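Peer 1: Take this sequence and fold it.
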Amino acid sequence: QPWHATLMPYATMNEALSAKRRDSSFARSLNGQWKFNWVKRPEERPVDFYRPEFDDSSWKTIPVPSNWQLLGYGTPYYRNIGYTFRSNWPRVMDEPPTDWTAYEERNPVGSYRRQFEVPANWNRREVFLNFDGVDSAFFLWINGQKVGYNTGSRNGAEFDISPFLKRGQSNMLAVEVYRYSSGSYLEDMDMWRLSGIFRNVTLWSAPVVHVRDFRITTDLDAQYRNATLRVAGTVHNYTNQAVGARTFAVSLYNPAGKALPGVRAQVAVPALAAGEEREVSLNVAVSNPGKWSAETPTLYTVVLSLSNGQNAPELLSQRVGFREIEIKGRLFCVNGVPIKLKGADRHESNVNTGHYVTEENMIQDIELLKRANCNHVRTSHYSDDPRWYELCD
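Peer 2: The predicted structure is shown next:
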């Protein structure tokens, strides 16, 4: 699927106001124990493991998320600058010197399998499978059918798996992960080099006419008092037939979860042809909202809805802080106030779990930064888990 804002549809307004994506009625975590097989080289992998009838009874299990090196499969590397395989872009399988670990572990492959079911009340909805992080590249099959491929370990990979599902039955999910890929040339970073499905795996669903993407920005006036809330939404028709017009609406809720009177707007979404999508936008005036800063991180909640006037609307939400960031000469300013940035670099790394970092670990890191009077963190050198950004806000 094309990249989009981190989002999740919600079943109720209470869910939308809580803005906890993984607790949505339309989300199911696929974290847990998966069947697992590991080999040192691609030619040793079980090539037909993705078939539903494949016998994996002799395989061990592995927790997802995790890095397989920390569980006894292969060798963890630490390196600053340079590759841990023989460089010959875009190839990663050239023979390295015999004293390199990669001489034997040329390009390890992890094969993952698990079963899952789709909730019955998702039957008329589009179903997506999201991987927040897989290092370094992987192929995906559902019920023996190849769904797709992804490389770029620190960006989410999302697949529309609706055409491959067996509704009301158990479904077989198979993932083939490669330690090295062409993407490894972009990930030559000062860090531990680890592999596997190391972030959350989530099954989620949306209406067949869905707000596929949105963009929210805030703009303060010259006195840093009043604000304009600017919202754009991209609506996609996933069906194979034309659909009628919809209404896209925006409302704003204060930190206590109360709707701000008069801060609501809507715009018509024209009828969409099969497979078509359309972006709509609107602006909303907000009188003297509480301002966000590192010392007073006041957050409002924007609730987006898409309705055809007949069925329950689709609901999405996003926390929003009203702030204005400017560079004035040599000064970095937040809401007109000069700020000195004091911070640190941070890797997603844990001594026990590698690149899998729990929310509890993230909060510990944030508290440590705040105790050091930091107001800035460098996410070296990649996109972090989406939850990290929400916690930092």
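
Peer 1: does Asp365 count as helix, strand or coil?
Peer 2: Going by DSSP: H, G, I helix; E, B strand; the rest coil, the secondary structure assigned to Asp365 is helix.

Peer 1: Tell me who's in contact with the residue lying closest to Thr239 once chain neighbours are set aside.
Peer 2: Sequence neighbours aside, Val208 is the residue nearest to Thr239 in space, at 5.0 Å (criterion: C-beta to C-beta, 6 or more residues apart in numbering). Every residue, glycine included, has its C-beta placed from N, CA and C. By C-beta atoms under 8 Å, 6 or more residues apart in numbering, Val208 lies in contact with Arg124, Arg125, Glu126, Asn237, Tyr238, Thr239.

Peer 1: List only buried entries from those.
Peer 2: Arg125, Glu126, Asn237, Tyr238 (16 or more other C-beta atoms under 10 Å).

Peer 1: Let me see the backbone angles for the last one.
Peer 2: With angles defined as degrees, to the nearest 10, Tyr238 sits at phi -90, psi 0.

Peer 1: And Leu315, by the same measure?
Peer 2: According to degrees, to the nearest 10, Leu315 has phi -120, psi 130.

Peer 1: if we can go back for a sec, now the residue nearest to Thr239: how far from Val64?
Peer 2: 29 Å (C-beta to C-beta, to the nearest Å).

Peer 1: what about Thr234, how many residues close to it?
Peer 2: Around Thr234 there are 20 other residues, counting by other C-beta atoms under 10 Å.

Peer 1: mind checking how far the closest residue to it other than its chain neighbours is from Glu279?
Peer 2: The shortest distance from Thr234 to any non-neighbouring residue, by C-beta to C-beta, 6+ apart, is to Asp213 (4.1 Å). Per C-beta to C-beta, Asp213 is found 8 Å from Glu279.

Peer 1: Those two: who's more crowded?
Peer 2: Neighbour count, other C-beta under 10 Å: between Asp213 and Glu279, Asp213 has more, with 17 against 14.

Peer 1: and the helix or strand harbouring that one, average pLDDT?
Peer 2: Assigned by DSSP states H and E, Asp213 belongs to strand 209-220. Average pLDDT, strand 209-220: 98.

Peer 1: Touching that strand from outside, list them.
Peer 2: Contacts of strand 209-220 (C-beta under 8 Å, 6+ apart): 2, 4-5, 7, 9, 126, 226-239, 243, 246, 248, 272, 277, 286, 291, 302, 304, 306, 308, 314, 316, 318, 320-324, 335.

Peer 1: Just those: which are in strands?
Peer 2: 126, 227-237, 246, 248, 277, 286, 302, 304, 306, 314, 316, 318, 320 (DSSP state E).

Peer 1: list the buried ones in stretch 218-233?
Peer 2: Applying 16+ other C-beta under 10 Å to stretch 218-233 flags Thr218, Leu220, Tyr224, Ala227, Leu229, Val231, Gly233 as buried.

Peer 1: Could you pull out the strands in the stretch 101-250 of the chain for me?
Peer 2: 109-116, 126-131, 134-135, 137-142, 145-151, 157-160, 171-178, 191-193, 196-197, 201-206, 209-220, 227-237, 246-253 (DSSP state E, counting those that start in this stretch).
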